[in-house]
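S.K.: Next input, structure requested:
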Amino acid sequence: MSKDFEASKPIYIQITEKIFQRIIRGEIKPGEKLPSVREMAVQSGVNPNTIQRAYTEMERMGVVETKRGQGTFVIERESIVDELKHSMQMEVIGQFVKSMEELGFTKQQMVSGLKNFLEEGDQSDN
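M.R.: Residues are numbered from 1 along each chain as shown. Sure thing, here's the model as predicted:
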């Protein structure tokens with residue numbers, strides 16, 4: 001995990017997002033144990049309290065569960081991956097739309113610009 005964090009967002013939220021990305025990519029599977037708080041703190045280069053806050057937030061969101069004496073595990077529910085994908089997709093789209101609105105683009109201009117971008121991308125893949 002990268003030790004580079006954005007100043008604009010709390011570190012514990014960035015850590016939860018990185019873990020969510022790893023779950024979405026299948027690097028961490030439902031039912032799998034996450035590293036201990038101390039281990040994750042060393043990997044991330046942050047204070048263990050920050051990791052504990054990230055784990056607590058993920059538990060509040062229903063993505064992980066802590067089993068006393070065993071550690072923190074991703075919820076054993078296959079649909080969790082789809083839920084995370086959808087949630088992160090909506091967040092990224094929301095950021096895109098907000099940025100485009102700040103630049104003065106209409107919804108129609110956003111849609112046509114995105115469509116053109118994706119079509120040009122498909123042509124360059126050939």
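
S.K.: what ranges do the helices span in this structure?
M.R.: Using DSSP state H, the helices of the chain run over 11-24, 37-44, 48-60, 79-102, 107-125.

S.K.: what's the angle between the first one and helix 37-44?
M.R.: Read that as helix 11-24. Angle between the axes of helix 11-24 and helix 37-44 is 90 degrees (criterion: axes from the mean of the first three to the mean of the last three CA atoms, to 10 degrees).

S.K.: Give the rounded mean pLDDT of helix 11-24.
M.R.: Here helix 11-24 scores 94 as its mean pLDDT.

S.K.: need the contact list for the residue nearest the centre of the chain.
M.R.: Central residue of the chain (CA atoms, centre = their mean): residue 17, 2.8 Å from the mean position. Each residue near residue 17 by CB atoms under 8 Å, 6 or more residues apart in numbering is listed here: residue 88. Glycine gets a C-beta too; all of them are placed from N, C-alpha and C.

S.K.: now it: how far from residue 119?
M.R.: Residue 17 is 29 Å from residue 119, where distance means CB to CB, to the nearest Å.

S.K.: what's the answer for residue 10, then?
M.R.: Note on residue 10: its distance to residue 119, by CB to CB, is 37 Å.

S.K.: between these two, who's got more neighbours?
M.R.: residue 10 (14 against 9; other CB atoms under 10 Å).

S.K.: low-scoring pLDDT stretches of this structure, where are they?
M.R.: Within the chain, the ranges that satisfy pLDDT under 70 run 1-3, 122-126.
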